[in-house]
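Student: Provide a 3D model corresponding to the input given below.
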Amino acid sequence: MTRDDLTFISYSVLVLVGRGGASPHDFVQMMRAGRVYQSASPSQYYAEPKRLERLGYLTSTKEPGRTRERTVYRLTDKGRDSLRKWAHEPAAFPGVHGEPPIKLLAADLVGEEPVRESVLAMRAEIESLRAELDIADDRADTIPHRAKYLHLNHRLSRRILDTYEEWLGDVERELA
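Tutor: Numbering: from 1, shown residues only. Predicted coordinates for the structure are as follows:
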């Protein structure tokens with residue numbers, strides 16, 4: 001298989017499978033709990049493990065669940081090797097994307113006031129994300145082999161939220 005077979009979502013799934021295995025429902029729960037990191041729709045986290053299994057990166061077993069049988073995926077040697085190679089590749093800058101910068105560019109077309117109100121409404125979501133990161137920090141300590149890495153990611157997320165909060169202050173002043 002070529003590197004082109006694997007996408008960011010592919011690597012996300014391989015990482016979320018982790019040491020002990022995980023089901024697609026587990027992936028979705030992890031992504032919802034880490035909403036600040038969410039980068040794909042839940043349907044992708046149900047479809048991608050099946051594709052990765054067909055390609056030989058994962059294997060699956062059926063295990064009892066709360067209400068019905070669930071499929072639990074585990075890394076194969078090929079999956080672990082792929083993660084090792086990927087870990088050595090330079091990480092690309094994630095870019096600045098999403099609705100806020102695009103909405104701001106629409107201000108000359110729709111007026112500054114509606115854009116200002118729309119963008120400043122993000123403050124409530126930022127506060128919600130901060131609270132979720134507090135919970136995530138507590139939860140990270142229950143996963144000792146990943147706690148250090150989760151805490152580092154949470155610190156990055158808090159800094160990004162701080163930057164957006166500062167940017168919202170700029171928008172509020174300049175579109176007043």
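
Student: show residues contacting the helix-or-strand element of the chain with minimal mean pLDDT.
Tutor: Lowest by mean pLDDT, DSSP states H and E among the helices and strands of the chain is helix 24-33, with a mean of 80. For helix 24-33, the external contacting residues (C-beta atoms under 8 Å, 6 or more residues apart in numbering) are 13, 16, 22, 37-38, 40, 42, 45-46, 49, 65, 70-71, 73, 132, 135-136, 139. C-beta: built from backbone N, CA, C; applies to glycine.

Student: buried subset of those?
Tutor: For the contacts of helix 24-33, a neighbour count by 16 or more other C-beta atoms under 10 Å gives the buried set as 13, 16, 22, 40, 45, 49, 70-71, 73, 132, 136.

Student: in helices, which of those residues fall?
Tutor: 13, 16, 45, 49, 132, 136 (DSSP state H).

Student: can you redo these as CSV with pLDDT and distance to residue 57?
Tutor: Converted to CSV, these look like this (pLDDT from 0 to 100; distance: C-beta to C-beta, whole Å):
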residue, pLDDT, distance to residue 57
13, 91, 9
16, 88, 13
45, 84, 15
49, 94, 9
132, 91, 30
136, 90, 27
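
Student: which one of the residues you listed is nearest to residue 82?
Tutor: Relative to residue 82, the closest of these is residue 13; by C-beta to C-beta it sits at 11.3 Å.

Student: I'd guessed that closest one sits against residue 47; true?
Tutor: No - at 9.8 Å, residue 13 does not count as touching residue 47 under the criterion of C-beta atoms under 8 Å.

Student: pull the number of nearby residues for residue 91.
Tutor: 7 (other C-beta atoms under 10 Å).

Student: list the buried residues for the lengthiest helix in the chain?
Tutor: The single longest helix within the chain, with elements called by DSSP H, is helix 147-174. By neighbour count on 16+ other C-beta under 10 Å, the buried set for helix 147-174 is 150, 153-154, 157-158, 161, 164, 167-168, 171.
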